[in-house]
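Novice: need a structure here:
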Amino acid sequence: MTWDGLSLRLRLLAWALVPGILLSAAMLYEAYVSALDTADTLHDRFIVGFAVGISEQVVATGGDLVKEEALAAMMAGTQDELFYKVIGPDNAFVTGYDDLPPIPEDRTLEGGIPLFYDSVYRNEPVRVVAISFLIAEQDIDGWVTVQVSQTRHGRQQLITESVISAAVRLVLVIGVAVVFAWIGITQGLAPLRRLQEAIRRRSYHDLRPITHPMPQEIREVVAAINQLLERLKESIAANEEFIANASHQLRTPLAALQAQAELAVREAENADSRDTLEKILGATRRSSRLANQLLSLARAQPVSGGQPRQETVDAARLAADSTAEWVQKALAKDIDLGFEGPTQGCWIPGNPTLLGEMLANLIDNSIRYCPNQARVTVRTGIADNPGEMVLEVEDDGPGIPQDQREAVFERFVRLAEHDEGGCGLGLAIVREIARRHGGDVAVRAAPSGGALVRVVLPGLVGDRP
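Specialist: Residues are numbered from 1 along each chain as shown. Below is the predicted model:
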């Protein structure tokens with residue numbers, strides 16, 4: 001995932017933690033350097049003291065071997081191995097380990113001043129100190145050089161423990177910082193989440209300004225969104241008002257034109273005139289239907305921000321009454337129109353005018369596109385989910401191909417094989433009204449091979465609530 005794809009929370013967390021991690025790395029390196037310096041200082045002091053002790057033992061014994069008990073006492077408290085060598089005034093080997101690494105040629109030993117250098121002894125890295133002492137005793141008279149080498153295990157252990165301890169502390173600090181940074185960022189972004197939820201709840205029917213209190217940094221964004229909502233509201237309102245006004249203004253002249261065309265067809269004197277007038281009448285009827293459908297669509301989509309008038313509607317009774325109103329038109333086309341299910345007791349909150357328009361479009365579609373002697377059934381019942389009811393219109397007509405069952409809900413979409421004077425708005429109006437009432441609609445294949453349009457609406461089955 002690229003940086004642009006990261007969430008705002010992760011971006012803020014990264015900007016907060018990256019400097020802390022870099023600073024922690026620098027502090028860890030500083031802890032390593034400090035531990036290294038401390039370990040060298042402590043162990044260097046120890047081997048200097050050991051060298052002084054060796055020199056005192058050499059003086060006390062007159063150049064003889066250092067006593068084992070004295071060595072054990074001086075080596076107490078260290079995990080490293082210690083090796084020493086004593087060189088007399090004439091550069092003669094006095095005691096100790098005569099194969100200790102010599103003083104580097106580029107280093108100069110000064111009397112009484114410790115000289116430190118690193119070397120390798122017995123295949124191990126060692127730290128070596130060399131000190132010259134001026135001794136004036138009966139057995140020894142002159143400069144005596146004492147060399148002490150120490151393995152580096154203790155130093156390395158001290159450095160490792162110090163660095164690990166510092167790393168653990170830094171990890172704990174970073175962990176606590178991450179927790180508090182995450183909490184702080186989450187709380188800081190809470191207004192954005194509230195804004196997101198407020199926008200998500202909106203539809204193009206609800207374009208009211210967002211009035212949630214917001215931090216100063218987001219107020220300009222909210223103001224810009226509110227301005228966009230206002231412009232969108234005005235645009236949709238103007239469009240819906242135009243459709244409603246245009247369809248309303250067209251209805252009266254189209255109705256008059258249709259009546260005149262029907263009269264002219266009846267009074268036509270010859271077949272050619274009657275044929276021409278019937279074509280005019282058919283076109284007039286289609287235009288009148290389109291105007292009525294556009295007006296219905298405008299009613300189903302009220303001005304943005306408004307809601308349809310709500311009341312408790314018995315959808316079963318409404319479906320039964322709507323079916324009865326279409327019986328005559330069905331009989332005129334020799335179609336068997338029937339009703340199944342309860343005729344009352346399916347209560348839903350809604351607008352009876354819009355719900356009646358939805359049922360009228362469903363029944364009209366089935367009657368319009370079914371052949372003569374077809375069967376159309378309007379059905380009510382209980383949905384699969386509790387608290388929902390179903391309105392179905394099933395026919396045994398030509399049906400709707402599966403790949404077009406979603407497209408038929410788009411505006412002005414008509415199936416190529418159906419040419420019955422429709423305008424492609426009926427099912428679009430049905431879906432709009434269903435969704436305005438919190439439901440939805442889908443097309444399925446009927447058992448007879450025809451179409452089954454199923455509308456699911458939230459409601460109660462039983463006594464009136």
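Novice: only C-alpha atoms for contact and neighbour calcs from this point on.
Specialist: Fine.
Novice: for the protein, which strand is longest?
Specialist: strand 124-136 (DSSP state E).
Novice: what about the next helix or strand after that one, distance to the chain center?
Specialist: Next helix or strand after strand 124-136 toward the C-terminus (DSSP states H and E): strand 141-151. Relative to the centre of its chain, strand 141-151 is centred 72 Å away, using C-alpha atoms, centre = their mean, to the nearest Å.
Novice: follow-up on the earlier one: give me the residues contacting the longest strand of the chain.
Specialist: Strand 124-136 has contacts (C-alpha atoms under 8 Å, 6 or more residues apart in numbering) with 44, 47-48, 51, 55, 59, 103, 109-120, 141-152.
Novice: excluding its backbone neighbours, what's nearest residue 153?
Specialist: Nearest residue to residue 153, sequence neighbours excluded (C-alpha to C-alpha, 6 or more residues apart in numbering): residue 80, at 6.1 Å.
Novice: A helix includes that neighbour, no?
Specialist: No - Residue 80 is assigned coil when assessed by DSSP: H, G, I helix; E, B strand; the rest coil, not a helix.
Novice: hmm, residue 156 and it touching each other?
Specialist: No - Residue 80 is not in contact with residue 156 according to C-alpha atoms under 8 Å; the separation is 10.6 Å.
Novice: and residue 36, that one's in a helix?
Specialist: Yes - counting by three-state DSSP, residue 36 is part of a helix.
Novice: and the gap between it and residue 259?
Specialist: Separation of residue 36 from residue 259 (C-alpha to C-alpha, to the nearest Å): 107 Å.
Novice: okay, the two: which has more neighbours?
Specialist: Comparing residue 36 with residue 259 by other C-alpha atoms under 10 Å, the one with more neighbours is residue 36, at 18 against 15.
Novice: how about that one, what does it touch?
Specialist: Contact analysis of residue 36 by C-alpha under 8 Å, 6+ apart lists 155, 159.
Novice: how confident was the prediction at it?
Specialist: According to the prediction, residue 36 has pLDDT 87.
Novice: next SSE after the least confident helix or strand in the chain by mean pLDDT?
Specialist: Averaged element by element with mean pLDDT, DSSP states H and E, the chain has its least confident helix or strand at helix 68-75 (a mean of 59). Heading C-terminal from helix 68-75, the first helix or strand you meet, by DSSP H and E, is strand 82-87.
Novice: ok, and for the following helix or strand past that following strand, which residues are buried?
Specialist: With elements assigned by DSSP H and E, the helix or strand that comes after strand 82-87 is strand 93-96. Applying a neighbour-count criterion of 16 or more other C-alpha atoms under 10 Å, one finds 94-96 buried in strand 93-96.
Novice: over to stretch 250-269?
Specialist: Neighbour counts over stretch 250-269 (16+ other C-alpha under 10 Å) mark 250-251, 254, 257-258, 261-262, 264-265, 268 as buried.
Novice: next one: it to chain centre, how far?
Specialist: From the chain centre to the centre of stretch 250-269 is a distance of 61 Å (C-alpha atoms, centre = their mean).
Novice: and if you look at stretch 25-37?
Specialist: 41 Å.
Novice: please apply the same query to stretch 86-104.
Specialist: Relative to the centre of its chain, stretch 86-104 is centred 75 Å away, using C-alpha atoms, centre = their mean.
Novice: dump it to CSV, restricted to CA.
Specialist: What follows is stretch 86-104, C-alpha atoms only, in CSV (Å, rounded to 0.1, in the frame of the first residue of the first chain):
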residue,chain,number,x,y,z
VAL,A,86,57.2,-8.6,35.3
ILE,A,87,60.3,-7.3,33.6
GLY,A,88,63.3,-6.2,35.7
PRO,A,89,65.6,-3.2,35.4
ASP,A,90,67.8,-5.0,32.8
ASN,A,91,64.8,-6.0,30.7
ALA,A,92,65.1,-9.5,32.1
PHE,A,93,62.0,-11.6,32.7
VAL,A,94,61.2,-11.8,36.3
THR,A,95,57.9,-13.6,36.7
GLY,A,96,54.5,-14.2,35.1
TYR,A,97,53.7,-15.2,31.5
ASP,A,98,56.7,-14.4,29.3
ASP,A,99,54.7,-14.6,26.0
LEU,A,100,52.3,-11.7,26.7
PRO,A,101,51.9,-9.3,23.8
PRO,A,102,54.7,-6.8,23.8
ILE,A,103,54.2,-3.0,23.9
PRO,A,104,53.5,-1.8,20.3
